[in-house]
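Novice: here's my sequence, what's the structure:
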Amino acid sequence: MKPLLIGSLAVIGLLSCACSGSPTAAQPAKTVTVTVRPSHSPTATPTSATSSPAAAACLTRDLSGSVGQPQGTAGGLDLVIVFKNLNAGPCTLYGYPGVAQAAGMPVTNIGQPSTENPATPRTLVTLPPGGFASARLHIANANNYPAAACKQVKATWLQVIPPNQRTPLHISFGTTACQGTAKLLSVTTVAQGSAG
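Specialist: Numbers count the residues shown, from 1 in each chain. As a prediction, the model looks like this:
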């Protein structure tokens, strides 16, 4: 009777040890699986949302160009070059446009390209859909240069390259240009709006 009682107690002891060890082994697996995975997804969502609002640079194909009414000065002409955003979303312009006088079809540059007029600081300009930006262009009088530096030629276009682009816009505008070393054109940085 005693050996049977001792054997029964030993089996009960082993079962209770096995049962008490089982919940402890299962708990860490649940805790690690549940707490580690959710902590990664909320962090990734705000990061990608933060970088999306910045507007891209305006491409030439998304812009139209025009000029305002020229104003005569003692040394030449001043006029405003206006850029309009034709795209469905906003875009940005920053810095100086490139300008050249041109003629013919296909349009061909005449003389020296524009120089940068530092009268206005560079600022990032955001154009909403249908929005405007502008730069001021000064065209010096070709008569102020000697024939060696300026062989006068009739120009029928302004070839305008938006800031940080390579493809020009062609704006119909008649002026006298110089073939030679004379630099007739100077342009300011782009600014918000169409008034320059």
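
Novice: from here on, contacts and neighbour counts on C-alpha atoms
Specialist: Fine.

Novice: end-to-end on stretch 81-94?
Specialist: Using CA to CA, to the nearest Å, one end of stretch 81-94 lies 15 Å from the other.

Novice: next one: stretch 155-171
Specialist: 11 Å.

Novice: show residues contacting that stretch.
Specialist: The contact list for stretch 155-171, computed with CA atoms under 8 Å, 6 or more residues apart in numbering, reads 59-60, 64-67, 93-104, 107, 109-110, 172-177.

Novice: give the full set of residues in contact with A119.
Specialist: Neighbour list for A119: T188 [criterion: CA under 8 Å, 6+ apart].

Novice: with the one 3 residues further on instead?
Specialist: When the contact criterion is CA under 8 Å, 6+ apart, the partners of R122 are 94-96, 189-190.

Novice: and it, its phi and psi?
Specialist: Backbone torsions for R122, taken as degrees, to the nearest 10, come to phi -70, psi 130.

Novice: one step back: now list the buried members of the contacts of stretch 155-171.
Specialist: Burial by neighbour count, judged by 16 or more other CA atoms under 10 Å, picks out 59-60, 64-67, 93-103, 109-110, 175-177 from these.

Novice: how about the contacts of R122 in TSV, adding secondary structure?
Specialist: Shown next, in TSV, are those (DSSP: H, G, I helix; E, B strand; the rest coil):
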residue	secondary structure
Y94	coil
G95	coil
Y96	coil
T189	coil
V190	coil
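
Novice: give me the low-pLDDT residue ranges for the chain?
Specialist: Scanning the chain for pLDDT under 70 picks out 1-53, 196.

Novice: residue closest to the middle of it?
Specialist: A57 (2.4 Å; CA atoms, centre = their mean).

Novice: how much space between that residue and G193?
Specialist: For A57, the distance to G193 - CA to CA - is 17 Å.

Novice: check S114 too.
Specialist: S114 is 22 Å from G193, by CA to CA.

Novice: between these two, which one's more packed in?
Specialist: A count of neighbours by other CA atoms under 10 Å puts S114 above the other of S114 and G193, at 22 against 17.

Novice: surely the more buried one and A182 touch.
Specialist: No: using CA atoms under 8 Å, S114 is not in contact with A182, being 10.7 Å away.

Novice: does T126 lie in a helix or a strand, and which?
Specialist: Assigned by DSSP states H and E, T126 falls within strand 125-127.

Novice: by contact count, what packs against that strand?
Specialist: Contact here means 3 or more CA pairs under 8 Å, 6 or more residues apart in numbering; DSSP states H and E; on that basis strand 125-127 packs against strand 91-93, strand 191-192.

Novice: list of residues touching that strand?
Specialist: 55, 84-85, 90-94, 133, 190-192.

Novice: so what strands line up beside it?
Specialist: Strand 125-127 sits in its sheet next to strand 91-93 (antiparallel), going by DSSP bridges.
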